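In: following is a predicted model, sequence given first.
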Amino acid sequence: MPRCIMSPLDLTVSELDDLMRIAMDIMEKPEKYAHACDGKILATLFYEPSTRTRLSFEAAMLRLGGKTMGFHSADSSSAAKGETVADTIRVISQFADICAMRHPKEGAAFVAAEKAGIPVINAGDGGHQHPTQTLTDLMTIKALKGHFDDLTVGMCGDLKFGRTVHSLIRALVRYANVKFIFISPGELTLPSYIRDDLLIQNNIAFREVTKLEDVLPSLDLLYMTRVQRERFFNEEDYVRLKDFYILDKKKMELAGKDMLVLHPLPRVNEIATEVDSDPRAVYFEQVRYGMYIRMALILKLLEVEAAKKQ
Ligand code: NCD
């Protein structure tokens, strides 16, 4: 069975280190990798909207010399005719060498992975997991902070539905002495499979608060997220909660001079654009790291890493 990536835990800490090392090398010497995937095809199967993730995967494959194909909404695929994910992936396996799949249903990528003849990368399954965003986040932290151990990480916004948060927590608990401060309205706190089954079960240090201002001075990292409108059951609740947090210049004055602000993007209102010019705001750099780490992941899953690079 081909190797698939459903969760960040599908990669060991040493494999993650290796991926980040390769991604750094690609950033420094892109020409060394420019033909590593000549003749290979990446399929992007996106049943749910995306700008960054899909284009980041496509840019990654193109920069490795490969080609891409795919669809960017369920309406433009045979899903609209009632085809199952299991059948679609069997078909795509005949065309492509690797695929990235996003789906609004939790677990859809697992179904695909079971039937696929090619490596499947989960590019987001509902409110569940988003492993390559986590690779992006880890790469950004590694490049700009240099380490993961001993960090105090604030995560703010929609911690209930935000799959990027769920995946990043899973990845960070594997490092020593990482402390979490979860900042959210009472209705958007972490699901119990993260809070109870992962954090409490493993004795991980964390606090849950509602006020961002109170904790800003103690953070090494602030991971901001948008309220996930598409996963709400009613619009009223969304409207009430959507502007609960707005990080602005004034609040940034409370933060340490080395605190980094990350955001998986898209941003809605939760970070005022006036913060963008603050050197601690690294969310656009983060997007760039995302492309390089996806390049490294594609190389690994296609096992062309050692063969093609000199
Ligand atoms: C995230 C996602 O799709 O979960 N976006 C992304 O992939 N960068 C975050 C979000 O949509 O809020």
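Out: Happy to help now that I have it.

In: now the helices for this protein?
Out: 13-28, 52-63, 85-95, 108-115, 131-145, 163-172, 192-194, 212-215, 235-241, 249-252, 283-302, 305-308 (DSSP state H).

In: what residues sit buried inside the shortest one?
Out: Using 16 or more other CB atoms under 10 Å as the test for burial, helix 192-194 gives I194. To be clear about C-beta, it is placed using only N, CA and C from the backbone, and glycine gets the same treatment.

In: which other residues reach it?
Out: The contact list for helix 192-194 (CB atoms under 8 Å, 6 or more residues apart in numbering) reads H166, I169, R170.

In: so how far is A74 from the first one?
Out: In other words, H166. 23 Å (CB to CB, to the nearest Å).

In: the two: who's more crowded?
Out: Comparing H166 with A74 by other CB atoms under 10 Å, the one with more neighbours is H166, at 24 against 16.

In: skipping its backbone neighbours, what lies nearest the residue most central in space within the chain in space?
Out: With distances taken as CA atoms, centre = their mean, the residue of the chain nearest its centroid is Q133 (1.4 Å). Nearest residue to Q133 in three dimensions, chain neighbours excluded: T164, at 4.6 Å (CB to CB, 6 or more residues apart in numbering).

In: contact partners for F206?
Out: F206 neighbours (CB under 8 Å, 6+ apart): K179, F180, I181, F182, L199.

In: what's across from it in the sheet?
Out: Beta-bridge partners for F206, by DSSP bridges, are F180.

In: what average pLDDT does stretch 299-306 get?
Out: Regarding stretch 299-306, the rounded mean pLDDT is 84.

In: do the same with stretch 288-296
Out: The model assigns stretch 288-296 a mean pLDDT of 98.

In: then stretch 169-177?
Out: 96.

In: got the CA coordinates for it in PDB?
Out: This file holds the C-alpha atoms of stretch 169-177, laid out as PDB (Å, rounded to 0.1, in the frame of the first residue of the first chain):
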ATOM      1  CA  ILE A 169      -1.500  20.600  18.800                       C
ATOM      2  CA  ARG A 170      -1.000  16.900  17.900                       C
ATOM      3  CA  ALA A 171       2.300  17.700  16.400                       C
ATOM      4  CA  LEU A 172       3.600  20.000  19.100                       C
ATOM      5  CA  VAL A 173       2.800  17.800  22.100                       C
ATOM      6  CA  ARG A 174       5.600  15.500  20.800                       C
ATOM      7  CA  TYR A 175       8.200  18.200  21.800                       C
ATOM      8  CA  ALA A 176       9.500  18.800  25.300                       C
ATOM      9  CA  ASN A 177       7.900  21.200  27.700                       C
END
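
In: so which bits of the protein are right by the ligand?
Out: R52, T53, G124, H130, Q133, R163, T164, T225, R226, P264, L265, P266 (CB under 6 Å from any ligand atom).

In: mind listing what the second one touches?
Out: It stands for T53. T53 touches A100, R102, A123, G124, H130, T132, Q133, counting by CB under 8 Å, 6+ apart.

In: relative to F110, how far out is the residue nearest to A113 when sequence neighbours are not counted?
Out: In this structure, A113 finds its nearest non-sequential neighbour in C4, 3.9 Å apart by CB to CB, 6+ apart. Counting by CB to CB, the gap from C4 to F110 is 9 Å.

In: more crowded one of those two?
Out: The residue with more neighbours, out of C4 and F110, is C4; 21 against 17, by other CB under 10 Å.

In: spit out the contact partners of that one.
Out: C4 sits next to D10, A109, A113, A116, P119, V120, I121, N122 when contact means CB under 8 Å, 6+ apart.

In: spatially, what comes nearest to the fifth one if we skip its sequence neighbours?
Out: The reference is to P119. L301 (4.1 Å).

In: what about the one you found, neighbour count?
Out: 19.

In: surely it and E15 touch.
Out: No: using CB atoms under 8 Å, L301 is not in contact with E15; the gap is 11.1 Å.

In: buried ones in stretch 10-26?
Out: Counting neighbours by 16+ other CB under 10 Å, the buried set in stretch 10-26 is L11, L16, L19, M20, I22, A23, M24, I26.
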